[in-house]
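>>> Here you go, sequence then predicted model.
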Amino acid sequence: MTTVGVLGATGAVGQRFVQLLAGHETFELSVVTASPDSAGETYRDAANWGLDTPVPESIAELPVQPTTPAAIPDDTALLFSALPSDVGAEVEPALCEAGFVVSSNASNERRAGDVPLVVPEVNADHLGLIDVQRDARGWDGALVKNPNCSTITMVPTLAALTEFGLDRVHVATLQAVSGAGYSGVTSMEILDNVVPHIGGEERKMETESRKLLGEFTGAEVQHHDAVVSASCNRVPTLDGHLENVFVETSDHPAPADVAAAFEDAPTLDLPSAPDPLIETFTAPERPQPRLDRMRGDGMAIAAGGIQTTDTGIQYNCLAHNTIRGAAGASILNGELLAREGWV
């Protein structure tokens, strides 16, 4: 078993990490960290547990450690980060300098030229940036990121469509409230309402998508030249981001060609990887968050409503935002890191 830890383990995404790592076939969770106020408490007492399964008994009595390099045992092979981006910007580099490998969900450094931003089924070869990163920063550890939850919902479908020539992508998102964390959106803001703005989300989708679809040259990632524009909206759904995607393509595929490309999207032989990666519906009213967010144990992308347009295609896609879009994505990256010998 590979010993792992979770940074920021008491928050919403941190709890999802703990839930998914309990009973993992190759990872053993032995370290949980949180803010200094929680340090020294048991995980059961420190976490205001909000998921629909009990706190895992194997982890409930672990003592919460402060999020510092000195508090983490040297034999911890891999750290999963659920830290807020401002905390991650300070703590994650210090951990990498101390020799730890960090698979992070935090948004800091996703756009950095030497930091791999990875969806394993799409761009596993971008892990080659780790050597570039180590040379540039002079550390023995490594920092790897998964993309934003809305980006990761869309990009596997775009990767499947590159054979048709991606020219321009327009996306409108309908994003669940859990993406903002427990205190991110109040009930008075979201009940009977839609909030047509999520700070920084559009920019993340527009830049991260092009990096993920880009080509690793051995020294850098050359971003894909497709133009991506996004409009991001918060809706009163608990979990599951639904996205309306309009793709302008060089070729003009029929809906059946698009569905076939989705169905042929590659899968990986990793514990958390879904098979199939993209589940495709013919019914025009699918996918829907309540019905389809747990496809592939929450790790699959659901797609449907495929139609042709004057300039390309339109479809809808959906993923569970705290599983595939956050903790599950980081764990899948960790499994890839272990398989490829980086851990």
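In hand now; what should we look at? Everything numeric here is computed off the predicted structure, so don't read it as measured data. Numbers count the residues shown, from 1 in each chain.

>>> For Thr237, give its distance to Gly138.
The gap separating Thr237 from Gly138 is 45 Å, by CB to CB, to the nearest Å. Every C-beta, even on glycine, is put in place using the N, C-alpha and C of the backbone.

>>> Tell me which of these two has more neighbours.
Taking neighbours as other CB atoms under 10 Å, Thr237 and Gly138 compare with Thr237 leading, 20 against 8.

>>> isn't Ala106 right next to Glu92, touching?
Yes: shown here, Ala106 and Glu92 form a contact pair, counting by CB atoms under 8 Å, at 7.0 Å.

>>> just checking, Glu248 touches Thr311?
Yes: the pair Glu248 / Thr311 is scored as a contact, 4.4 Å apart, by CB under 8 Å.

>>> shared neighbours of these two, anything?
Common neighbours of Glu248 and Thr311 (criterion: CB atoms under 8 Å, 6 or more residues apart in numbering): Arg168.

>>> more neighbours, the two?
Taking other CB under 10 Å, Glu248 and Thr311 do not tie; Glu248 has more neighbours (17 against 13).

>>> beta partners for the more buried one?
In this structure, Glu248 bridges to Arg168, Gly312 when assessed by DSSP bridges.

>>> Please name the residues that touch Gly23.
Pro56, Ser58.

>>> For it, which three-state class applies?
Per DSSP: H, G, I helix; E, B strand; the rest coil, the secondary structure class of Gly23 is coil.

>>> now swap in Val4 and tell me
strand.

>>> Who are the contact partners of it?
Shown in contact with Val4 (CB under 8 Å, 6+ apart): Leu21, Phe27, Glu28, Leu29, Ser30, Val31, Thr76, Ala77, Leu78, Leu79, Phe80, Gly334.

>>> If any of those residues are buried, put those into a ChimeraX selection.
Of these, the buried ones can be selected in ChimeraX as follows, counting by 16 or more other CB atoms under 10 Å:
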select :21,27,29,30,31,76,77,78,79,80,334
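
>>> could the contacts of Val4 be laid out in JSON lines, adding pLDDT, secondary structure and distance to Val13?
Converted to JSON lines, those look like this (pLDDT from 0 to 100; DSSP: H, G, I helix; E, B strand; the rest coil; distance: CB to CB, whole Å):
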{"residue": "Leu21", "pLDDT": "98", "secondary structure": "helix", "distance to Val13": "12"}
{"residue": "Phe27", "pLDDT": "98", "secondary structure": "strand", "distance to Val13": "17"}
{"residue": "Glu28", "pLDDT": "98", "secondary structure": "strand", "distance to Val13": "20"}
{"residue": "Leu29", "pLDDT": "98", "secondary structure": "strand", "distance to Val13": "15"}
{"residue": "Ser30", "pLDDT": "97", "secondary structure": "strand", "distance to Val13": "19"}
{"residue": "Val31", "pLDDT": "98", "secondary structure": "strand", "distance to Val13": "17"}
{"residue": "Thr76", "pLDDT": "98", "secondary structure": "coil", "distance to Val13": "19"}
{"residue": "Ala77", "pLDDT": "96", "secondary structure": "coil", "distance to Val13": "21"}
{"residue": "Leu78", "pLDDT": "98", "secondary structure": "strand", "distance to Val13": "17"}
{"residue": "Leu79", "pLDDT": "98", "secondary structure": "strand", "distance to Val13": "14"}
{"residue": "Phe80", "pLDDT": "98", "secondary structure": "strand", "distance to Val13": "10"}
{"residue": "Gly334", "pLDDT": "98", "secondary structure": "helix", "distance to Val13": "14"}
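
>>> What segments of the chain are helices?
12-21, 43-46, 57-60, 85-97, 120-123, 129-137, 149-161, 187-190, 201-212, 255-263, 289-292, 328-339 (DSSP state H).

>>> Columns distance to Gly181 on top of those helices, output as a markdown table?
Listed next are the helices of the chain as a markdown table, based on distance: least, CB to CB, whole Å:
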| stretch | distance to Gly181 |
| --- | --- |
| helix 12-21 | 5 |
| helix 43-46 | 16 |
| helix 57-60 | 21 |
| helix 85-97 | 12 |
| helix 120-123 | 25 |
| helix 129-137 | 29 |
| helix 149-161 | 12 |
| helix 187-190 | 13 |
| helix 201-212 | 14 |
| helix 255-263 | 31 |
| helix 289-292 | 18 |
| helix 328-339 | 16 |
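
>>> Tell me which of the ones you listed approaches Thr280 most closely.
helix 255-263 (4.7 Å; CB to CB).

>>> Out of the helices of the chain, the one nearest Gln307 is which?
Evaluated over the helices of the chain, closeness to Gln307 peaks at helix 255-263, with 6.4 Å, by CB to CB.

>>> Need the residues that contact that closest one.
By CB under 8 Å, 6+ apart, helix 255-263 touches 157, 160-161, 163-164, 253, 276, 278, 280, 282, 303, 306-308, 313, 315.

>>> among the residues you listed, which are in strands?
Judged by DSSP state E, strands contain the following of these: Ile278, Thr280, Ala303, Ile306, Gln307, Thr308, Ile313, Tyr315.

>>> Report how many residues lie close to Ala338.
20.

>>> The closest residue to Gly200 other than its chain neighbours and Gly99, how far apart?
Once flanking residues are discounted, Gly200 sits nearest to Ser107: 7.9 Å by CB to CB, 6 or more residues apart in numbering. Per CB to CB, Ser107 is found 24 Å from Gly99.
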